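Student: From the sequence below, what's the structure:
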Amino acid sequence: MANRLTTYLKLHKVSLILALLSMLFYYTFAYHLERTDFPKLVGLFAALFFLCYKLIQFEKWNVNFLFSVGLLSRFVFLFAEPNLSQDFYRFIWDGELVRNFLNPYVAVPNTLVSETNPIISNAEQLHQGMGGLSARHYSNYPPLNQLLFALATFLGGKSILGAIIGLRSIIILADVGIFYFGRKLLKKLNKSPHLIFWYFLNPLILVELTGNLHFEGVMLFFFVWALYLISVHKWQWAAVVYACSISVKLVPLLFLPLFLKHLKLKKSISFYSIIGVSSLLLFLPFYSSDFLANYSKTIGLWFSNFEFNASLWNVVKQIGIQFNAKPWELIKTYGKVTPILTIITVVLFTFLRKNEKLPVLITSMLWVLALYYFQSATVHPWYIIFLVTLTIFTPYRFALIWSAMAVLSYYAYSQTDFKENAWLLLLEYISVFAFVIYEFITYRNKT
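Tutor: Residues are numbered from 1 along each chain as shown. Got it, this is the predicted structure:
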């Protein structure tokens, strides 16, 4: 036994050192980083991406080793308060409401906190922590997400840290589920199962999901599970699971038309019907006369009021300014145009692509979502995680480059007025678009 351990340590000495360094950097990230310290933030991200690359390069066939590294790295964050996002305060607030049978879609936090409701634990601290923007709007998180928030607050008792640990545990379990079903799906697609580690060890995923508690990972767990079920021809169950994905985050709604060719007309109608009924059942406990108006109003804000880390929008804005357009008026017009462009994109990919084949279907999803993000006025770094997940099932890798470059957008958090740096955004998107062009040329030459 001792000899086997000694031999193992000798064979994997370098990888073990890299893994320990990686966890040390994650510990620094979790407990010793202020988001205003941009140089330290970028330095840690760069080091972690390098270590991720080397670990996969050295140990890509050593599944147990890399899985253990990914899991232990997540556990490093367990007791840390998120330091790059304050959204978790709203998650806990909504969870407190739901577990006390209050509807998070019918009253804004500013109204509820003024009532000094003793039912909500730590109400004042949560209200201040979520920030004025979140506090004056209705919740925009779908129903299954709300139920998971409630579960986390229940497990956490009346402690904010306890609720954080509850949220983090759910997200870690979801990542393990993505690892499990992702490997199975890769095998069904005749792709190397080691590609799943570009998700499981990716620093953006660890920092934004496990670290900052965004629930994209939970949405993606249901989404990847649904794709696997489709790959083994269990499309009825896939529809139920897909509805769960939508009920965590709405993004998978974009891809529904793409299944038309893959499942054919008759199956597609049944598939969409099951998704519709399952989604309605999940929304039903939260329904009220004000629900639809409040929810759609909050969702609409993302198209016409907010901007962050955008590519095409920044070009349009700069052109508009040259013609004396007012940015706050221009973005409202732009927000009305982008949904139309997105619908056109989805329709084109639905009818012009050979989505009968699952690999082509997933590639269509990748490009639909990428084109949507390229034209969107708001692209938070954790949004890119969906692209990272899709890309490992396709021949394209530009999303991995984007996941490494997205950290540049956090420069805005180092400024008191949250002003973005145009040169850093230019560097980010030149890197991404250059790699997209390179992959287009390379893939075309191969095929």
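
Student: Name all residues that make contact with Ala434.
Tutor: By CB atoms under 8 Å, 6 or more residues apart in numbering, no residues touch Ala434. Placement of C-beta: from N, CA and C, glycine included.

Student: what about it, helix or strand, and which?
Tutor: Using DSSP states H and E, the element containing Ala434 is helix 422-446.

Student: Identify each buried residue in that helix, please.
Tutor: Leu424, Leu425, Glu428, Tyr429, Ser431, Val432, Phe435, Val436, Glu439 (16 or more other CB atoms under 10 Å).

Student: Likewise for stretch 345-363?
Tutor: So for stretch 345-363, counting by 16+ other CB under 10 Å, buried means Thr345, Val346, Phe349, Thr350, Arg353, Asn355, Leu358, Pro359, Val360, Leu361, Ile362, Thr363.

Student: Out of the residues you listed, name the ones that lie in helices.
Tutor: Using DSSP state H, the members of these that fall within helices are Thr345, Val346, Phe349, Thr350, Leu358, Pro359, Val360, Leu361, Ile362, Thr363.

Student: how close does the fifth one get to Phe259?
Tutor: Going back to what we said before, that points to Leu358. 11 Å (CB to CB, to the nearest Å).

Student: What helix or strand is Phe49 located in?
Tutor: helix 38-59.

Student: Between the buried residues of helix 422-446, which sits nearest Leu189?
Tutor: Glu439 (18.2 Å; CB to CB).

Student: tell me the SS of the closest residue to Met365 other than its chain neighbours?
Tutor: In this structure, Met365 finds its nearest non-sequential neighbour in Phe255, 5.0 Å apart by CB to CB, 6 or more residues apart in numbering. Following DSSP: H, G, I helix; E, B strand; the rest coil, we place Phe255 in the helix state.

Student: Could you give the number of residues near Phe255?
Tutor: 23 (other CB atoms under 10 Å).

Student: is it true that it touches Trp367?
Tutor: No - taking contacts as CB atoms under 8 Å, Phe255 lies outside contact range of Trp367: 11.0 Å.

Student: re earlier: now the buried residues of helix 422-446 in a markdown table, with pLDDT?
Tutor: Converted to a markdown table, the buried residues of helix 422-446 look like this (pLDDT from 0 to 100):
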| residue | pLDDT |
| --- | --- |
| Leu424 | 96 |
| Leu425 | 95 |
| Glu428 | 97 |
| Tyr429 | 96 |
| Ser431 | 96 |
| Val432 | 97 |
| Phe435 | 96 |
| Val436 | 96 |
| Glu439 | 93 |
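
Student: where does the stretch 201-350 of the chain dip in pLDDT?
Tutor: Scanning the stretch 201-350 of the chain for pLDDT under 70 picks out 300-305.

Student: Kindly apply the preceding question to the stretch 1-150 of the chain instead.
Tutor: For the stretch 1-150 of the chain (pLDDT under 70), the answer is 1-2, 116-118.

Student: roughly how far is the helix holding Ala434 from the heart of the chain?
Tutor: Centroid separation for helix 422-446 versus its chain: 21 Å, with CA atoms, centre = their mean, to the nearest Å.

Student: now swap in stretch 123-134 and tell me
Tutor: The chain centroid and the centroid of stretch 123-134 are separated by 23 Å under CA atoms, centre = their mean.

Student: Also stretch 286-297?
Tutor: Using CA atoms, centre = their mean, the offset of stretch 286-297 from its chain centre is 24 Å.

Student: Can I get that stretch in PDB? Just the C-alpha atoms.
Tutor: Provided in PDB are the C-alpha atoms of stretch 286-297 (Å, rounded to 0.1, in the frame of the first residue of the first chain):
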ATOM      1  CA  PHE A 286     -47.200  31.800  -7.400                       C
ATOM      2  CA  TYR A 287     -50.100  32.900  -9.600                       C
ATOM      3  CA  SER A 288     -52.000  36.100  -8.700                       C
ATOM      4  CA  SER A 289     -53.800  38.800 -10.600                       C
ATOM      5  CA  ASP A 290     -50.700  41.000 -10.500                       C
ATOM      6  CA  PHE A 291     -48.200  38.200 -11.300                       C
ATOM      7  CA  LEU A 292     -48.000  38.500 -15.100                       C
ATOM      8  CA  ALA A 293     -47.800  42.300 -15.200                       C
ATOM      9  CA  ASN A 294     -45.200  42.500 -12.500                       C
ATOM     10  CA  TYR A 295     -43.000  39.600 -13.900                       C
ATOM     11  CA  SER A 296     -43.100  40.800 -17.500                       C
ATOM     12  CA  LYS A 297     -42.300  44.400 -16.300                       C
END
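
Student: Just the buried positions in that stretch, please.
Tutor: Phe286, Asn294, Tyr295.

Student: Can you name the residues in contact with the helix or strand harbouring Gly70?
Tutor: Per DSSP H and E: Gly70 is located in helix 63-76. Helix 63-76 has contacts (CB under 8 Å, 6+ apart) with 12, 15, 19, 22-23, 26-27, 30, 55-56, 59-60, 172, 175-176, 179, 193-194, 197, 200-201, 206, 210.

Student: hmm, 6 Å instead?
Tutor: Residues outside helix 63-76 that contact it (CB atoms under 6 Å, 6 or more residues apart in numbering): Ala19, Met23, Tyr26, Tyr27, Glu59, Ile172, Phe197, Phe200, Leu201, Leu206, Thr210.

Student: Same question for stretch 352-362.
Tutor: Leu189, Ser231, Leu258, Lys261, His262, Ser364, Phe393, Thr394.

Student: What count of nearby residues applies to Gln318?
Tutor: Around Gln318 there are 11 residues (other CB under 10 Å).

Student: Could you measure from it over to Ala325?
Tutor: 10 Å.

Student: cool, and Ile437?
Tutor: Ile437 is 30 Å from Ala325, by CB to CB.

Student: And Leu220, by the same measure?
Tutor: The value you get for Leu220 to Ala325, if CB to CB is used, is 38 Å.

Student: which ones among the contacts of stretch 352-362 are found in helices?
Tutor: Judged by DSSP H, helices contain the following of the contacts of stretch 352-362: Ser231, Lys261, His262, Ser364.

Student: Out of the residues you listed, who's the most crowded?
Tutor: That'd be Ser364 among the ones in helices among the contacts of stretch 352-362, by other CB under 10 Å, with 25 neighbours.
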